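Colleague: missing the sequence, but the structure's below:
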């Protein structure tokens, strides 16, 4: 059995009837986040909306929450996140909101209680930067976007 991270969760006033995030299967990497909207929220083609989740969390220092799109929404409906993955910092205490984007050509309704994103927790390593005169050489060098081709 793996070690468990304790994350405090605060259900907010708009969370009535919304499940607390939980793992759907034994080996799920993330928990689902639910839409805490009043009635239906429709996201038109090419539009985005901030969708409330009805919860705030206290992530322990040294960790982050990574908010990721749900693959089923992407494949079946063309719905993704503009800033996916998004980061929830350990010192943030506000409501978690999901910026959903409709990549499809049809309006997409978001209903109260829909699973709209997933939340994964990750341990952080802080970097210390040192200014240098040059960087070590590598075979790749400065080759960037698409430098290895398609095939």
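Modeller: Arrived safely, thanks for sending. Note that the structure is a prediction, hence the values are computed from the model and not measured. Numbers count the residues shown, from 1 in each chain.
Colleague: all contacts plus neighbour counts: C-alpha atoms, from now on.
Modeller: OK.
Colleague: what's the longest strand in the protein?
Modeller: In the chain, assigned by DSSP state E, the strand with the most residues is strand 115-123.
Colleague: ok, it: who's next to it in the sheet?
Modeller: Note on strand 115-123: by DSSP bridges, its sheet partners are strand 31-34 (antiparallel), strand 63-68 (antiparallel).
Colleague: ok, residues contacting the longest one?
Modeller: For strand 63-68, the surrounding residues in contact (Cα atoms under 8 Å, 6 or more residues apart in numbering) are 59, 81, 84-90, 117-124.
Colleague: give me the mean pLDDT for that strand.
Modeller: Strand 63-68 carries an average pLDDT of 98.
Colleague: cool, the shortest one as well?
Modeller: When the per-residue pLDDT values of strand 31-34 are averaged, the result is 97.
Colleague: and the next helix or strand past that strand?
Modeller: strand 41-43 (DSSP states H and E).
Colleague: for that following strand, name the packing helices and strands.
Modeller: strand 108-110 (3 or more Cα pairs under 8 Å, 6 or more residues apart in numbering; DSSP states H and E).
Colleague: tell me which residues are up against the strand it packs on.
Modeller: Contacts for strand 108-110 (Cα under 8 Å, 6+ apart): 35, 37, 40-45, 77, 102.
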